[in-house]
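[1] quick one, structure for this:
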Amino acid sequence: MSDLFSARADELAFSSAPLAARMRPRFLDEVVGQADLLSPGSAFRRIVESGRPVSMLLWGPPGTGKTTLARLVAAQADAEFATLSATSAGVKDIRQVLADAKGRLATDERRTVLFLDEIHRFAKNQQDALLPGVEDGTLTLIGATTENPFFEVIGPLMSRMTLFRLEPLAPDDLSRLLESALRDGDRGLGAMDLELAPDLAVELATRTGGDARQSLNALEISALLAKAEDRSEISEADVAEALQRRLVRYDKTGDSHYDVISAFIKSVRGSDPDAALYWLFLMLEGGEDPEFIVRRLVILASEDVGLADSRALQLTVAASQALAYVGLPEATYHLTHATIYLATAPKSNSVGLAIQAGKELVQNGPTPSVPLHLRSTGYEGARELGHGEDYAYPHNDSKGVVAQQYFPDGVAPRVIFRPGDHGEESDIGRRLEAIDRILGRHDRT
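    Residues are numbered from 1 along each chain as shown. Sure, this is the predicted structure:
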């Protein structure tokens, strides 16, 4: 009798579970997307189908199947599936799982797969506690992370695990999943007998950012809204209300923080204002620190625009001051203003190249000695030491430039700054040609 009650309880629990949980794939072939990971002959598939899994890290965005794949690994190996979440578990919990796994091996020779969600949130000492069990084979560890594990997982643990990368699901993959959930009468919404237009399925799949869980949750809400009004078709309004607001796939404290700012800067450097604005608004909508953004723009103004348009630095510093003065959301105008200006400005990296060349000359050259005629004369007795003697004052010359030694004694004059030919820098280049003729330098280009 107790078995009947237990089975009935399981049945009720399943029927009341969210659609995403009910539609969880039961076999590898039911998993949508991740073609590279699951294609016939792939390393991951061969490991799973062998029934002898190895400890691994599954790295990818939310809703891409990390938990599902971990369950399938355990099922294929006929292993006990234990789960911990790094947000709530501690060293005591780890030790308990290890003890249970060791006992299980001793009594019925059954292995244990431990799925550790959000492994990147574990402190070093907590990760250290996992090492003995992974190393001696007491359990197979499958860690799931949305963050770059090379930053978050300790080296000794990384070296004992195989890394697999999961990608956001493509809209086509999610559309097929949504259609399957809508038609499935046992696990899905088939009993509701609802229709979803293909374009709405694509919109729903696109606006959930490749997250299967969010897509299925939104579909379930859309279906309930349609059914509440006794309609046979899910409408655009249903989908819009279910989504409410597009989920921004951006973690300002995680890996995407570095990837998105990199994409932003490279778009500005590449003179694509539209792409640059996309990344800017993704950061702002995701809650990124605006001061972090504007600092990067101030750097870029000299690093990538430089003397091709010196107003770029002035304008970007002004945007930085405006941000401090008015704050967000009003300072969105100033960040947008600066982004568009820098993206459309002529580009030059001559300042950066000059920094590199100047550093190399100083680091690899002899100890400098300032020539007597360039030395300070601002104190009593300097003239008696010969300081300033024979110094030619450029303003006394009609051309404003005189030929004299400016480099240190023992360092041959050489070119450090080479102007580009974009924007205002081409004018600087022409002026330098005349100056170089007077100073006797002819190898600047």
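[2] how much space separates the residue lying farthest from the centre of the chain from residue 372?
    What lies farthest from the middle of the chain is residue 384; by C-alpha atoms, centre = their mean that is 62.8 Å. Separation of residue 384 from residue 372 (C-beta to C-beta, to the nearest Å): 12 Å. Yep, even glycine has a C-beta here, placed from its N, CA and C like the rest.
[3] quick check, the residue farthest from the centre of the chain in a strand?
    No: counting by DSSP: H, G, I helix; E, B strand; the rest coil, residue 384 falls outside a strand, being helix.
[4] for it, what are its contacts?
    By C-beta atoms under 8 Å, 6 or more residues apart in numbering, no residues touch residue 384.
[5] and stretch 75-94, C-alpha only, in CSV?
    Only the C-alpha atoms of stretch 75-94 are listed here, as CSV (Å, rounded to 0.1, in the frame of the first residue of the first chain):
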residue,chain,number,x,y,z
ALA,A,75,21.8,7.4,-15.6
GLN,A,76,24.0,6.0,-18.4
ALA,A,77,26.5,4.8,-15.7
ASP,A,78,23.7,3.5,-13.4
ALA,A,79,25.2,5.6,-10.7
GLU,A,80,23.7,7.3,-7.7
PHE,A,81,23.0,11.0,-8.6
ALA,A,82,23.8,13.3,-5.7
THR,A,83,23.4,17.1,-6.0
LEU,A,84,24.8,20.1,-4.1
SER,A,85,24.5,23.8,-4.8
ALA,A,86,27.5,25.9,-4.0
THR,A,87,25.2,28.7,-2.9
SER,A,88,24.0,26.7,0.2
ALA,A,89,26.4,23.7,0.7
GLY,A,90,29.5,23.8,2.9
VAL,A,91,32.5,21.5,3.7
LYS,A,92,30.3,19.5,6.1
ASP,A,93,27.9,18.6,3.2
ILE,A,94,30.8,17.7,1.0
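[6] quick check: mean pLDDT of it?
    This predicted structure assigns stretch 75-94 an average pLDDT of 89.
[7] and for that stretch, what's in contact with it?
    48-49, 51-53, 70-71, 74, 97, 100-101, 104, 110-122, 125-126, 129-130, 139-140.
[8] stretch 433-444 now?
    399, 401, 402, 403, 406, 413, 415, 417, 418, 419, 429, 432.
[9] which of the three states applies to residue 417?
    coil.
[10] mind checking how far it is from residue 203?
    Counting by C-beta to C-beta - residue 417 and residue 203 are separated by 53 Å.
[11] go on, residue 166?
    From residue 166 to residue 203 the distance is 23 Å (C-beta to C-beta).
[12] kindly report the same for residue 181.
    Residue 181 is 16 Å from residue 203, by C-beta to C-beta.
[13] the two: which has the busier surroundings?
    residue 181 (23 against 17; other C-beta atoms under 10 Å).
[14] which parts of the strand or helix carrying that one are buried?
    Taking DSSP states H and E as the criterion, residue 181 maps to helix 171-183. By 16 or more other C-beta atoms under 10 Å, the buried positions in helix 171-183 come out as 171, 173, 174, 175, 176, 177, 178, 181, 182.
[15] enumerate every residue touching the second one.
    Applying C-beta under 8 Å, 6+ apart to residue 173 gives the contacts 32, 33, 205.
[16] now do 7 Å
    32, 33 (C-beta atoms under 7 Å, 6 or more residues apart in numbering).
[17] residue 167 against residue 60, yeah?
    Yes: judged on C-beta atoms under 7 Å, residue 167 makes contact with residue 60 at a distance of 6.5 Å.
[18] give me the buried subset of the contacts of stretch 433-444.
    Here, 16+ other C-beta under 10 Å leaves 401, 419, 429, 432 buried among the contacts of stretch 433-444.
[19] show me those residues that map onto strands.
    Using DSSP state E, no member of the buried ones among the contacts of stretch 433-444 falls in strands.
[20] and those, which two are the farthest apart?
    401 and 419 (16.5 Å; C-beta to C-beta).
[21] what's the following helix or strand after the lowest-mean-pLDDT helix or strand in the chain?
    Least confident helix or strand of the chain, by mean pLDDT, DSSP states H and E, is helix 2-15 with a mean of 51. Downstream of helix 2-15, the first helix or strand assigned by DSSP H and E is helix 19-22.
[22] off-centre distance for that next one?
    Taking C-alpha atoms, centre = their mean, to the nearest Å, the mean C-alpha location of helix 19-22 is offset from the chain mean by 29 Å.
[23] repeat that for stretch 392-401.
    54 Å.
[24] could you point out which element follows the helix holding residue 181?
    strand 195-196.
[25] how about the helix or strand following that next one as CSV, C-alpha atoms only?
    Sequence-wise, the next helix or strand downstream of strand 195-196 (DSSP H and E) is helix 198-207. Provided in CSV are the C-alpha atoms of helix 198-207 (Å, rounded to 0.1, in the frame of the first residue of the first chain):
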residue,chain,number,x,y,z
PRO,A,198,5.8,30.0,-36.0
ASP,A,199,6.8,33.7,-35.8
LEU,A,200,5.7,34.0,-32.2
ALA,A,201,7.7,30.8,-31.4
VAL,A,202,10.8,32.4,-32.9
GLU,A,203,10.2,35.6,-31.0
LEU,A,204,9.7,33.8,-27.7
ALA,A,205,12.9,31.7,-28.4
THR,A,206,14.9,34.7,-29.4
ARG,A,207,13.9,37.0,-26.5
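[26] any idea of the angle helix 198-207 forms with helix 171-183?
    Angle of helix 198-207 versus helix 171-183, following axes from the mean of the first three to the mean of the last three C-alpha atoms, to 10 degrees, is 120 degrees.
[27] quick one: buried residues of helix 198-207?
    Buried residues in helix 198-207 (16+ other C-beta under 10 Å): 200, 201, 203, 204, 205, 207.
[28] give me the low-pLDDT residue ranges for the stretch 101-250 of the chain?
    For the stretch 101-250 of the chain, applying pLDDT under 70 flags the ranges 245-250.
[29] which residues in it form strands?
    112-117, 140-145, 162-165, 195-196, 233-234 (DSSP state E, counting those that start in this stretch).
[30] please identify the most buried of those.
    strand 140-145 (a mean of 26; mean count of other C-beta atoms under 10 Å).
[31] tell me the one of the buried residues of helix 198-207 nearest residue 233?
    Looking across the buried residues of helix 198-207 and measuring by C-beta to C-beta, the closest to residue 233 is residue 200, at 9.3 Å.
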